[in-house]
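*Asks:* need a 3D model of the sequence below.
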Amino acid sequence: MPLQSLPTAARWAVLLAASALGAGLLQWARLPAALMLGPLAVAVLVQTAGGAVRVPRAFMAVAQAVIGCLIARSITPAIVGGFASHWPVFLAVVALSIAAGAGIGWTMSRLGIVPGTTAVWGMLPGAAMAMMVMAEAYSADFRLVAFMQYLRVVLVATAASVVALLFVHGGGGPRFAGGYFPPIHWLALAETVGVAVLGGGLGLVARIPAGVLLGPLALGAALNVLGWVTIELPPVVLIASYAVIGWNTGLRFTRDVLAAAARALPQTLGATALLMAFCGVLAWLLVVLLHVDPLTAYLATSPGGVDAAAIIAATTKVDTPFVMALQTLRVIVVLAIGPQVARWVAGTLNAAATRPDPAAPADLGDLD
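*Replies:* Just a heads-up that it's a prediction; the model follows:
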């Protein structure tokens with residue numbers, strides 16, 4: 001029976017069942033971000049098969065607030081201490097990696113490979129899920145941003161896993177070390193709900209784009225570093241949030257968007273390889289300047305996102321606080337300056353589009 005002929009409840013049932021299967025298969029393959037990529041891929045298939053449903057806006061708001069709390073939880077006193085010890089080098093590495101991503105994105109836009117500022121959002125390193133949310137808030141094509149970001153996540157995670165195997169023996173561990181249903185600390189959970197509600201409300205009142213994500217992130221990070229709250233995110237809540245964001249993105253992939261993504265695939269692969277190579281050079285500089293081991297340096301600078309780096313770092317012998325400090329700093333900087341970078345790119349593209357062609361013949365009408 002065609003999906004478009006099914007009632008809405010049946011379409012949701014198909015989407016839920018297929019998403020669980022898809023995420024499970026990607027988890028089995030130990031792919032970082034599997035719990036988001038599985039539902040996203042399934043949603044694309046459901047959309048193209050005519051079985052599209054609509055994700056309620058309230059569900060998206062809750063999911064974004066949860067992701068904000070998740071990023072806030074990763075910002076700890078140990079990470080702040082690691083940054084304080086090496087802040088000039090950290091800032092230089094972060095600035096160079098972001099500049100490289102923005103420059104590659106600008107070039108893709110200038111050549112017409114990906115339209116407008118979408119390429120910049122797609123190439124900015126380190127916070128794939130947040131970049132999707134921010135790109136949608138700033139009217140970029142977040143579907144192509146998702147395609148570019150998660151293609152890079154897969155490529156970088158694969159490369160990082162290979163590099164890890166060259167230095168240590170063993171593979172990645174499970175996504176949730178304590179299982180899917182660990183004991184819940186109810187006071188910490190109540191504190192987390194308070195951070196999500198208050199931070200999300202402040203973000204909405206301030207009319208900040210993606211404020212439902214950025215509000216809990218800023219508030220939760222400050223309270224977490226001060227030790228005033230403990231952010232508790234049960235695995236089932238995270239899984240549901242990943243799925244909601246994946247569905248919201250995947251269900252927007254029309255055939256036209258898929259065709260555009262397919263056309264840009266070779267260039268996106270080349271751009272990703274170029275960004276990975278540049279970050280590899282930055283890793284080598286960290287080895288030379290700070291004398292950290294090569295695997296720690298590679299994971300710290302890899303442009304695949306803090307989630308992928310954290311999973312691999314947790315299952316290998318590296319300086320995990322160093323890796324997380326640099327990765328988290330890059331996420332914070334990208335979230336802070338990403339909109340300004342996108343506006344600058346939009347301005348330069350508009351200026352280039354309206355600039356007269358020097359090869360065109362001059363208008364001599366005024367000389368008559």
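
*Asks:* going forward, measure contacts and count neighbours with C-alpha atoms only.
*Replies:* Will do.

*Asks:* give me the next element, helix or strand, following the worst-scoring helix or strand of the chain on mean pLDDT.
*Replies:* Least confident helix or strand of the chain, by mean pLDDT, DSSP states H and E, is helix 306-314 with a mean of 62. Using DSSP states H and E, the helix or strand that follows helix 306-314 in sequence is helix 320-354.

*Asks:* got a list of what the most centrally placed residue in the chain touches?
*Replies:* By CA atoms, centre = their mean, the chain has its centre lying nearest to A128, at 0.9 Å. A128 makes contact with 146, 149-150, 153, 304-305 under the criterion CA atoms under 8 Å, 6 or more residues apart in numbering.

*Asks:* quick one: residues in contact with stretch 55-75.
*Replies:* Stretch 55-75 is contacted by residues 133, 192, 195-197, 200, 212-221, 224-225, 231, 233, 237-238, 240-242, 244-245, 247-248, 324, 328 when judged by CA under 8 Å, 6+ apart.

*Asks:* secondary structure element holding A146?
*Replies:* Assigned by DSSP H and E, A146 belongs to helix 142-167.

*Asks:* which strands and helices sit next to that helix?
*Replies:* Judged by 3 or more CA pairs under 8 Å, 6 or more residues apart in numbering; DSSP states H and E, the packing partners of helix 142-167 are helix 118-123, helix 128-137, helix 235-250, helix 255-290, helix 294-301, helix 306-314.

*Asks:* in the second one, what's buried?
*Replies:* Using 16 or more other CA atoms under 10 Å as the burial criterion, the residues of helix 128-137 that qualify are 128-137.

*Asks:* what is the nearest of those residues to A13?
*Replies:* Checking the buried residues of helix 128-137 against A13 with CA to CA, the nearest one is M129 at 24.8 Å.

*Asks:* neighbours around H185, how many?
*Replies:* Residues lying near H185 (other CA atoms under 10 Å) number 13.

*Asks:* do the same with the one 5 residues further on
*Replies:* By the other CA under 10 Å criterion, the neighbourhood of A190 contains 15 residues.

*Asks:* now do L335
*Replies:* L335 is flanked by 18 other residues according to other CA under 10 Å.

*Asks:* same check on V288?
*Replies:* With other CA under 10 Å as criterion, V288 counts 12.

*Asks:* ok, it to T48 distance?
*Replies:* Plainly put, V288 is 50 Å away from T48 if you go by CA to CA, to the nearest Å.

*Asks:* could you do A277 as well?
*Replies:* On the measure of CA to CA, A277 and T48 end up 35 Å apart.

*Asks:* who's more crowded, those two?
*Replies:* Taking other CA under 10 Å, A277 and T48 do not tie; T48 has more neighbours (18 against 14).

*Asks:* what's the per-residue pLDDT of that one here?
*Replies:* On pLDDT, T48 comes in at 85.

*Asks:* hmm, back to that, run the chain-centre distance for the helix holding A146.
*Replies:* 11 Å (CA atoms, centre = their mean, to the nearest Å).

*Asks:* tell me the mean pLDDT for the next helix or strand after it?
*Replies:* Sequence-wise, the next helix or strand downstream of helix 142-167 (DSSP H and E) is helix 186-205. Helix 186-205 shows a mean pLDDT of 93.

*Asks:* what residues does helix 186-205 touch?
*Replies:* By CA under 8 Å, 6+ apart, the residues outside helix 186-205 that reach it are 65-66, 68-69, 210-220, 229-233.

*Asks:* flag every buried residue along that helix.
*Replies:* Neighbour counts over helix 186-205 (16+ other CA under 10 Å) mark 189, 191-193, 195-204 as buried.

*Asks:* wait, A23 touches M36, no?
*Replies:* Yes: if you go by CA atoms under 8 Å, A23 and M36 touch, sitting 7.4 Å apart.

*Asks:* quick one: A160 from V154, how far?
*Replies:* Relative to V154, A160 is positioned 10 Å away (CA to CA).

*Asks:* no no, A95
*Replies:* Distance of A95 to V154, computed by CA to CA: 23 Å.

*Asks:* repeat for P339
*Replies:* Note on P339: its distance to V154, by CA to CA, is 25 Å.

*Asks:* cool, A262 as well?
*Replies:* In terms of CA to CA, A262 sits 17 Å off from V154.

*Asks:* comparing the two, which residue is more hemmed in?
*Replies:* Here A262 and V154 are set side by side on neighbour count (other CA under 10 Å), and the busier one is V154, at 18 against 13.
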